[in-house]
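Colleague: Pasting the sequence and the predicted coordinates here, then a few questions.
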Amino acid sequence: MLPHEEFTIATALDGDRVCKRLLEVVEPVQMSRRLWDIPDKPYEGEIGDRTFRISRILNNRNSFAPLIIGRIKEQGTGSQIEIEMKLHPFVKFFILFWLGAVGIGCIGVAIAILSRQRFELPLLIPYGMFIFGALLPFVGFKPEAHRSKQFLINLFPD
């Protein structure tokens, strides 16, 4: 129901070279970043031993931008990079809470309409709020996920 994407990149680079390549484009997470600061690298996050957890540095405040989690596995002379893109856990919790609360409101409105057997236009507001809450994560997530996927595919040659 919530946006999520998984893909694998096969590369001729070994695991150490994959990590080096990531270090060239990922800087450590900064707790505060001023809007006018131009970052040195396009991504921020953590790179461990054969794992990484990164996100694209954005000038805007897109809470729905994907969190990118990767695992590097040696395969023959190269590597396979398994990548998962998902919403930040706090954002996921907020959206699920929002949809749950508004969903309960929609049920209440449906019961009210059926019991009164009368329809009034303002009763559609909770349904609009539910649709808005369900679509908003996709609108913020999908374009950023696509950009990051293309960036990572281009970063690691076959």
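Modeller: Nice, I can see it. Numbering: from 1, shown residues only.
Colleague: for this structure, which spans come out with low pLDDT?
Modeller: 33-36 (pLDDT under 70).
Colleague: What's the separation between the residue nearest in space to the middle of it and D14?
Modeller: Central residue of the chain (CA atoms, centre = their mean): P66, 1.9 Å from the mean position. To D14, P66 is 26 Å away according to CB to CB, to the nearest Å. (Glycine included, C-beta is placed from N, CA and C.)
Colleague: for I113, same thing?
Modeller: I113 sits at a distance of 63 Å from D14 (criterion: CB to CB).
Colleague: just L124 next, same as before
Modeller: Counting by CB to CB, the gap from L124 to D14 is 58 Å.
Colleague: Those two: who's more crowded?
Modeller: When L124 is set against D14 and neighbours are counted by other CB atoms under 10 Å, the residue ahead is D14, at 16 against 13.
Colleague: any chance you could map the helices in the chain?
Modeller: Counting by DSSP state H, one finds helices in the chain at the ranges 15-25, 89-116, 125-155.
Colleague: Can you lay out the ones you listed as TSV showing mean neighbour count and distance to M31?
Modeller: Compiled in TSV, those are given as follows (neighbours: other CB atoms under 10 Å; distance: least, CB to CB, whole Å):
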stretch	mean neighbour count	distance to M31
helix 15-25	16	20
helix 89-116	14	15
helix 125-155	15	21
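Colleague: Out of those helices, flag the one nearest N60.
Modeller: Between N60 and the helices of the chain, the shortest separation by CB to CB is 9.9 Å, and it involves helix 125-155.
Colleague: Show me how far that closest one is from its chain's centre.
Modeller: Computed by CA atoms, centre = their mean, to the nearest Å, the separation of helix 125-155 from the middle of its chain amounts to 8 Å.
Colleague: Perfect, that will be all.
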